[in-house]
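Asker: need a structure here:
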Amino acid sequence: MAFSAIRQAILSGNLKPGDRLLEAEIARQMGISRAPVREAIRQLASEGLVVSYAHRGTFVAELSPDDLWEIYTLRAAVESLAVRLVANQATPETISLLRQAVADMAQAAQEGDLQRVADLDIAFHETLCRLSGHARLLETWLGMIVQIRIFIDLTHALYRPIEEMINLHAEIVRYIENRQGREASEALTQHILDAGQRIYQERQNRTEKDDGDETERGS
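Answerer: Now for the predicted structure:
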């Protein structure tokens, strides 16, 4: 309960990077003891969502541009291998599953449900990693997904333009169907790195805007 609530508050932006988490205050607001809150914070720290400092307290993690670069370049490398493996062993069932995933994304986009598009996109990439049959690859990817989601949710930058993103996923599925692992890998790698660049630019623009607003208030 406490873990899910705090985690969702971070992912939704209600708790922002740098915000301090006070066990006693959270427990009071939720009407529970401090023990489950303490355990929730421990779990969140293991996911990289919060950091604790001696004599200072626990804070929502602040992900830097270097964090973004490391996460997205590692993600590109991991998924590049995943899609090659999937292409090499693709079955009709695999192709059907991936086609349906893209169709679901297109439907959500048509309905204007950007949150569902985001969820389905993440699910598509997770499916690729699971279909690779590479257990350590999947473990590595799952270890990054929370931080990937933080960048996406805090910027809302990944899904513009949506049609281009959906078409690219459909292209990757066609490459897999034709067992063109190299082409699928190149397309997916470029997609991930471009997404990371858009998120980086969005964060930079937001930081500059916030700095400008602070300057205006101080003048």
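Asker: pLDDT weak spots in this structure?
Answerer: The chain contains residues with pLDDT under 70 at 153-160, 203, 206-219.
Asker: ok, which stretches of it are helices?
Answerer: Assigned helices in the chain, in chain order: 2-12, 23-30, 34-46, 65-88, 92-110, 114-131, 135-155, 162-177, 181-218 (criterion: DSSP state H).
Asker: and the angle from the shortest one to helix 34-46?
Answerer: Between the axis of helix 23-30 and that of helix 34-46 there is an angle of 110 degrees, by axes from the mean of the first three to the mean of the last three Cα atoms, to 10 degrees.
Asker: packing partners of helix 23-30?
Answerer: helix 2-12, helix 34-46 (3 or more Cβ pairs under 8 Å, 6 or more residues apart in numbering; DSSP states H and E). C-betas here are computed from N, CA, C, even on glycine.
Asker: picking up where we left off before, quick check: which of the helices of the chain is nearest to H55?
Answerer: Counting by Cβ to Cβ, H55 lies closest to helix 23-30 out of the helices of the chain; the figure is 15.3 Å.
Asker: for the closest one, what is the distance to the chain centroid?
Answerer: With Cα atoms, centre = their mean, to the nearest Å as the basis, helix 23-30 stands 28 Å off its chain's centre.
Asker: give me the contact list for it.
Answerer: The contact list for helix 23-30 (Cβ atoms under 8 Å, 6 or more residues apart in numbering) reads M1, A2, A5, I6, S33, R34, P36, V37, R38, I41, T58.
Asker: A195: which of the residues you listed is nearest?
Answerer: I6 (26.6 Å).
Asker: show me the contacts for the closest one.
Answerer: L15, L21, I26, V37, A40, I41, L44.
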